[in-house]
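> I'd like to go over a predicted model; first the sequence, then the structure.
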Amino acid sequence: MRYVSTRGAAPELGFCDVLLAGLANDGGLYMPAEWPSLPDLTHVTSYAEAAAAVMAPFVAGEIDADVFAQLCTDAYATFRHDAVVPLVQIGANEWLLEQFHGPTLAFKDVALQLVGRLFDHVLAQRGQRVTIVGATSGDTGSAAIDGVKSCSNVDIVILYPQGRTSDVQRKQMTTVDSPNVHTVAVEGTFDDCQDLVKAMFNDAAFRERMNLSAVNSINWARVMAQIVYYVTSTRSLGATAINQTTFSVPTGNFGNVLSGWIARKMGAPIADFIVASNSNDILTRFINDNDMTARDVMPTLSPSMDIQVSSNFERLLFEMNGRDGGMTAEQLQRFRHSGSLKVEPDQMATWISPVFRAAKVDDAGIVHEIRRVYESSGQFIDPHTATGTAAVRSLGAHLDGRPVVTLATAHPAKFPDAVFAATGVRPPLPAHLADLLDRTEHTNLVANDLAAVQTFVERAVAR
Ligand SMILES: *Cc1c(COP(=O)(O)O)cnc(C)c1O
């Protein structure tokens, strides 16, 4: 399998180079040159086996099939449920797909547990070592750290804003005691952290000396790993070409829902997708009104969806443009300058309207929905998941006569205050994290200053 850039001006690469590169060198995102079909899964008995089979065409010729199967087995053995991502029924025709049984209790574990192992394998083969740097306001940092904490060829440095993460989120990062894991509390905001990471990447000498790398949500390998659960869950539901499933996806960077779109493209029996937004509703405005206009990011109860520019949308746009990279690059440049993007009405009619519905759910709607689901099914859901189930209701999708699956992207105990406000109950952390708040933290306070952060990275990695 070869990979092409969505902006059409970067060299085609194989899987391993795409994995390590993240972004293409023309600023675009890598996409497979063609879409394979789904394999026959009749004799598959575990999630890890299904994962290896579904992803096989994407890594073929680059990673040995037995090695890949073992990486999948190891990655999904870290989940605390035999099904890895179990389905739970919450209504006559409604299910949750629980994606939070991994080490850090959010859906990002599904991809990052595998991606960390893929990095380590490819780097060992090449005799290379990288330093992953990233900024986090919460979920991504802990999932990335957990994904690479046992890797021999990866150091990771995660910046977070001092005093601005929740205790659970911070402790999930700072209590990991591995020599290759370094957390930095920056005396600044999340935007300051992001600016520092960007500045480190823009310093070519530093980037080369440290062999900097990233595992952000535009990395193809993350999108690829997320295709699998759309396939396994439709199979568990007995979905067929006539009895198709609707998925409701709490959406931020458009990564999760894009993976579903690819599963559908590969032949999974999926009718359509509901894109659920919180008050940061740029995607809902686009899908409903062909209006993609960036506004200021508003903090909400579902912080992992507080995003205005959904970077993975570029991959769908590339498809909508008939895989014309030049046209995609031009559109995105206009978007960057004007803050607004519109596509042709026939593109909406072909690519968007038949496949995507969308709804926005504000904070009051989220609290109301957490209570409703608890009262009607006894299930606690987190504020991200609540946007998904609320969107199903507001669009009436639960009355379509098809199974509707909402992706439950975080464990309710990760957001205890919102759940308490809605239900009067504070859901407990699962047993393996019950003592999290009492564990010893290892972290480093560093000034909001590029030179200071770079010095820290250099010393940390030189250990
Ligand atoms: C990252 C995240 C999302 C958003 O997923 P995207 O792939 O960015 O659309 C939703 N919910 C939770 C809990 C997350 O961590």
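Everything's here; your move.
> moving C-terminal from the longest helix seen in the chain, which element do we reach first?
The longest helix of the chain (DSSP state H) is helix 108-126. Following helix 108-126 in sequence order, the next helix or strand is strand 130-135 (DSSP states H and E).
> quick check: next helix or strand after that following strand?
Following strand 130-135 in sequence order, the next helix or strand is helix 139-148 (DSSP H and E).
> in that following helix, what's buried?
For helix 139-148, burial by neighbour count (16 or more other CB atoms under 10 Å) applies to Asp139, Thr140, Gly141, Ser142, Ala143, Ala144, Ile145, Asp146, Gly147, Val148. C-beta: built from backbone N, CA, C; applies to glycine.
> now Trp95: phi and psi?
When read as degrees, to the nearest 10, the backbone of Trp95 gives phi -130, psi 160.
> wait, it sits on Pro403?
Yes - assessed by CB atoms under 8 Å, Trp95 is found in contact with Pro403 at 6.6 Å.
> can you list the residues of the stretch 301-450 of the chain near the ligand?
Within the stretch 301-450 of the chain, the positions lying close to the ligand (CB under 6 Å from any ligand atom) are Ser304, Met305, His384, Thr409, Ala410.
> widest-spaced pair of those?
The largest distance within these, taken as CB to CB, falls between Met305 and Ala410 and amounts to 10.3 Å.
> what's the overlap in contacts for the two?
Common neighbours of Met305 and Ala410, using CB atoms under 8 Å, 6 or more residues apart in numbering, are His384.
> quick one: low-confidence parts of the stretch 201-350 of the chain?
Applying pLDDT under 70 to the stretch 201-350 of the chain flags no residue at all.
> ranges for the strands of it?
Under the criterion DSSP state E, counting those that start in this stretch, the stretch 201-350 of the chain contains strands at 212-213, 245-250, 270-277, 292-293, 340-341.
> on that earlier part again, output the longest helix of the chain as CSV, nothing but the C-alphas.
C-alpha atoms of helix 108-126 as CSV (Å, rounded to 0.1, in the frame of the first residue of the first chain):
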residue,chain,number,x,y,z
LYS,A,108,-7.7,7.5,22.4
ASP,A,109,-6.3,4.4,24.0
VAL,A,110,-7.7,2.3,21.3
ALA,A,111,-5.4,3.9,18.7
LEU,A,112,-2.4,4.9,20.9
GLN,A,113,-1.8,1.6,22.6
LEU,A,114,-1.2,0.2,19.1
VAL,A,115,0.6,3.2,17.7
GLY,A,116,3.2,3.3,20.5
ARG,A,117,4.0,-0.3,19.8
LEU,A,118,4.2,0.3,16.1
PHE,A,119,6.6,3.2,16.7
ASP,A,120,8.9,1.1,18.9
HIS,A,121,8.9,-1.8,16.4
VAL,A,122,9.7,0.4,13.3
LEU,A,123,12.4,2.4,15.2
ALA,A,124,14.1,-0.8,16.5
GLN,A,125,14.2,-2.2,13.0
ARG,A,126,15.8,1.1,11.7
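> how far does it sit from the chain's center?
Between the centre of helix 108-126 and the centre of its chain there are 15 Å (CA atoms, centre = their mean, to the nearest Å).
> same question for stretch 196-214.
From the chain centre to the centre of stretch 196-214 is a distance of 23 Å (CA atoms, centre = their mean).
> what comes up buried for that stretch?
For stretch 196-214, the neighbour count (16+ other CB under 10 Å) marks Leu196, Val197, Met200, Phe206, Met210, Leu212, Ser213, Ala214 as buried.
> ok, which pair from the residues you listed is furthest apart?
Maximum pairwise distance among these (CB to CB): 16.1 Å, between Leu196 and Ser213.
> between the two ends of stretch 19-30, what distance do you get?
By CA to CA, to the nearest Å, the extent of stretch 19-30 from end to end equals 9 Å.
> quick one: contacts of it?
Applying CB under 8 Å, 6+ apart, the external contacts of stretch 19-30 come out as 3-11, 13, 18, 115, 118-119, 122-123, 130, 213-216, 218-221, 311-312, 314-315, 318, 325, 328-329.
> among these, which lie within helices?
Residues of these located in helices (DSSP H): 18, 115, 118-119, 122-123, 220-221, 314-315, 318, 325, 328-329.
> buried among those? Make that a ChimeraX selection.
Restricted to buried positions by 16+ other CB under 10 Å, the ChimeraX selection for the ones in helices among the contacts of stretch 19-30 reads:
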select :18,115,118,119,122,123,220,221,314,315,318,325,328,329
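> closest to Ala69 out of the ones in helices among the contacts of stretch 19-30?
Among the ones in helices among the contacts of stretch 19-30, and counting by CB to CB, the member closest to Ala69 is Leu118, at 12.7 Å.
> so which residues on the stretch 151-300 of the chain come close to the ligand?
Contacts of the stretch 151-300 of the chain with the ligand, taken as CB under 6 Å from any ligand atom, map to Ser217, Pro250, Thr251, Gly252, Asn253, Phe254, Gly255, Asn256.
> the fifth one is in contact with Arg315, isn't it?
Read that as Asn253. No - counting by CB under 8 Å, Asn253 does not reach Arg315; the two are 10.8 Å apart.
> what is the neighbour count of Thr443?
Per other CB atoms under 10 Å, the neighbour tally for Thr443 reads 17.
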